[in-house]
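In: using only what follows, build the 3D model:
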Amino acid sequence: MTTAARYRQRILVRALYSGVLFVLARTVYLIITTTTSTTTTGGGPYNSWEADNDEQLVKYYSSVFQDLIFDGFLAVDSKTLAVGIHSSQYVDALKETGVSYSKAVRKNVRLPFKNNTFDSQFSAHTGLDSSADPGELSSELSRTLKPGGYLIIHTESNDSYSLNSLLDLFDSFKLIRSLEISVQHWSIPPVREIVLKKQNGILRRRRNLAGICSVPAYKKELIQNSEPLITEEPLQPWVSFKSNFKNIKYLSSMADIRFKTRYIYIDIGARNYGSSIGSWFKKQYPKQNKPFKIFAIEADKQFHEEYKSKKKITLLPYAAWVRNESLFFEINREPNNKNEEKGRGMGRVQSAQTSTTFMGDLNKIQGFDFANWVKNSFRGKDFVVVKMDVEGTEFDLIRMLIETGAICLIDEMFLECHYNRWQRCCNGERSSKYHKVYSECIELFSSLREKGVLVHQWW
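Out: Reported below is the predicted structural model:
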């Protein structure tokens, strides 16, 4: 059937629906978890403008539901659930289209229904799209929909990253169609209609074992569109890297992250609060108004006291390492380092068994298996951002992240790679503190991007 013929059939169906008089009584259950604006406005009486707007909304959603009936995703005898802020309008619209059993709820609630209750579900753009906990709501929708039932989602999101994040929430569903639909109401933005069908068993599963990360084409495209790496070693790295930082294309500035279940920021080598958490992440990172859980990993006891007053930051007072063991932490007091005004330089960690190569003052600290912690703490549905400044230990940490598959759980990374760079103090001399060369840093950055991690050169 051609598109034009299908369109004519839809018009005919709508005309038939509008001409049918439904004389049978229908039981409609309306569950609203909070007071709605359809009955009062600021405590005042329900006015004619609101009544007219409600009528227009019912007319719009009636048209939507008629199309879904025509396409076979909704039936007049199906038990149907609608989710979004216009609860009563959904129910009225379903009544007008002949659906005899319907319920409607607002977002962000645990659904008070038994497992496998509904034949069809509809989430408006004010449902999953604006949910504070899309992971919980998606789980509830999955639980209450019967196998073989249809879930129709209207979303404002239209980029591949967010749409795939949405599909990841429903790993036991099959994608039936995804298309932009015409919106004919002033209060409703352009939306995409996603139709999913519930299956028996899990269909979508991420691969994150033995360093094998599934990197889909849409994620490769995002990485390709990010700022290029500085592949030629700069003569003045303290200038080049700082200047290049202004060119960074953050993942959350290129893609919609609303359908992630949790938002995590991990600062490895956090030092004091103002070093990067307060001065950069809090102020500059584009968080899309999402509530990020912040972890500060810092082994130096000098900075621990400050974090006691930061109630929304979880301090892990250890050194990120490749296993759980005691380490020696070197306190570098060399002149001309970038923190000499604080009286304390950056510190390196090394196993107590091999610490004889250190030249500075030593403190014994506890190291923890960072890769194992990541794997046990987070999931592929979370949005995880990592900043890593660990004075050369990055080569060990990233190797272990790749070997264990934990790297697949990290979406974006800001990494300072330490090598025998040209010294700022002494023209023509390289630092003797690190033995890696710049080309090894580029190999490290490139391997991370190949694994699907959008990594940026930190300074």
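In: where does pLDDT dip in the chain?
Out: Residue ranges of the chain with pLDDT under 70: 1-52, 107-108, 203-211, 329-362.
In: next SSE downstream of the longest helix along it?
Out: Ranked by number of residues, the top helix in the chain under DSSP state H is helix 48-70. Downstream of helix 48-70, the next assigned helix or strand under DSSP states H and E is strand 79-83.
In: list the strands paired with that next one, with their directions.
Out: strand 101-105 (parallel), strand 118-123 (parallel) (DSSP bridges).
In: in CSV, list the C-alpha atoms belonging to that strand.
Out: Presented in CSV, the C-alpha positions along strand 79-83 are these (Å, rounded to 0.1, in the frame of the first residue of the first chain):
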residue,chain,number,x,y,z
LYS,A,79,-5.9,-2.6,28.4
THR,A,80,-3.9,0.6,27.9
LEU,A,81,-1.7,2.7,30.2
ALA,A,82,-0.7,6.3,29.4
VAL,A,83,2.2,8.1,31.1
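In: ok now that strand, how far from the chain's centre?
Out: Distance, stretch centre to chain centre, for strand 79-83: 27 Å (C-alpha atoms, centre = their mean, to the nearest Å).
In: and the angle from that strand to helix 48-70?
Out: Angle, strand 79-83 to helix 48-70, by axes from the mean of the first three to the mean of the last three C-alpha atoms, to 10 degrees: 130 degrees.
In: chain center to the following helix or strand past strand 79-83, what's the gap?
Out: Moving toward the C-terminus from strand 79-83, the first helix or strand encountered (DSSP H and E) is helix 87-96. Relative to the chain's own centre, helix 87-96 is displaced by 32 Å; criterion: C-alpha atoms, centre = their mean.
In: sorry, back to before: counting by contacts, list what the longest helix of the chain packs against.
Out: Helix 48-70 makes packing contacts with helix 3-19, helix 87-96, strand 118-123 when contacts are defined by 3 or more C-beta pairs under 8 Å, 6 or more residues apart in numbering; DSSP states H and E. For the C-beta atoms, the positions are set from N, CA and C on the backbone; glycine is no exception.
In: can you list the domains in the protein?
Out: According to the TED database, the chain comprises the domains 52-198, 217-330+347-457.
In: tell me where this protein has helices.
Out: Taking DSSP H, the helices of the chain run over residues 3-19, 48-70, 87-96, 134-144, 160-168, 217-224, 237-244, 251-254, 282-284, 304-307, 370-377, 394-404, 438-450.
In: okay, those, which one's buried deepest?
Out: Each of these was scored by mean neighbour count; the highest is helix 87-96, a mean of 23, by mean count of other C-beta atoms under 10 Å.
In: now it against strand 79-83, angle please.
Out: Using the same axes, to 10 degrees: helix 87-96 against strand 79-83 is 150 degrees.
In: adjust the sequence numbering to begin at 47 for everything that follows.
Out: Yes, from this point I'll number from 47; that puts the last item at helix 133-142.
In: buried set for stretch 341-356?
Out: Neighbour counts over stretch 341-356 (16 or more other C-beta atoms under 10 Å) mark 341-346, 349, 352-353 as buried.
In: now for the strands paired with strand 125-129, which one comes closest to residue 209?
Out: Across the strands paired with strand 125-129, residue 209 has its closest neighbour in strand 164-169 (14.1 Å, C-beta to C-beta).
In: ok, residue 151 touching residue 127?
Out: Yes: between residue 151 and residue 127 a contact is recorded at 7.1 Å, counting by C-beta atoms under 8 Å.
In: okay, the two: which has more neighbours?
Out: residue 127 (27 against 23; other C-beta atoms under 10 Å).
In: partner residues bridging that one?
Out: Beta-bridge partners of residue 127, as defined by DSSP bridges: residue 149, residue 167.
In: quick one, what contacts the residue lying closest to residue 416 once chain neighbours are set aside?
Out: Nearest non-adjacent residue to residue 416, counting by C-beta to C-beta, 6 or more residues apart in numbering: residue 366, 4.0 Å away. Contacts for residue 366 (C-beta atoms under 8 Å, 6 or more residues apart in numbering) come out as 314-315, 343, 413-414, 416, 434, 436, 439, 443.
In: could you rerun that using 10 Å?
Out: 312, 314-315, 343-345, 395, 413-417, 419-420, 432, 434, 436, 439-440, 442-443, 446 (C-beta atoms under 10 Å, 6 or more residues apart in numbering).
In: beta partners of it?
Out: residue 414.
In: how close does it sit to residue 282?
Out: 29 Å (C-beta to C-beta, to the nearest Å).
In: figure out how far stretch 209-217 is from the centre of its chain.
Out: 11 Å.
In: same question, stretch 172-189
Out: With C-alpha atoms, centre = their mean, you get 14 Å for stretch 172-189.
In: the nearest residue to residue 219 once chain neighbours are set aside pairs with what?
Out: Distance criterion C-beta to C-beta, 6+ apart; nearest residue to residue 219, sequence neighbours excluded, is residue 242 at 3.9 Å. Bridge pairing for residue 242 (DSSP bridges) gives the partners residue 197, residue 221.
In: overlap in contacts, residue 151 and residue 127.
Out: Going by C-beta under 10 Å, 6+ apart, residues that sit against residue 151 and also against residue 127 are 77, 136, 157, 159, 186.
In: closest one of those residues to residue 427?
Out: Residue 427 has its nearest neighbour among these in residue 186, at 15.1 Å by C-beta to C-beta.
In: check contacts around the closest residue to that closest one other than its chain neighbours.
Out: Nearest residue to residue 186, sequence neighbours excluded (C-beta to C-beta, 6+ apart): residue 157, at 4.4 Å. Applying C-beta under 10 Å, 6+ apart to residue 157 gives the contacts 77, 127, 129, 149, 151, 163-164, 167, 182-183, 185-187, 189-190.
In: try 7 Å
Out: By C-beta atoms under 7 Å, 6 or more residues apart in numbering, the contact list for residue 157 reads 151, 186, 190.
In: and which of those is nearest residue 197?
Out: For the contacts of residue 157, the nearest to residue 197 is residue 190 (10.2 Å; C-beta to C-beta).
In: returning to that earlier point: let me have the strands paired with strand 125-129 in TSV, adding distance to residue 409 as columns.
Out: Below are these laid out as TSV (distance: least, C-beta to C-beta, whole Å):
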stretch	distance to residue 409
strand 147-151	55
strand 164-169	54
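In: who's in contact with the residue nearest to residue 219?
Out: 197, 216, 219-222.
In: ok, residue 334 touching residue 298?
Out: Yes: with contacts counted by C-beta atoms under 7 Å, residue 334 reaches residue 298, the gap being 5.6 Å.
In: ok, and the closest non-adjacent residue to residue 442?
Out: With C-beta to C-beta, 6+ apart, the residue lying closest to residue 442 is residue 368, at 5.4 Å.
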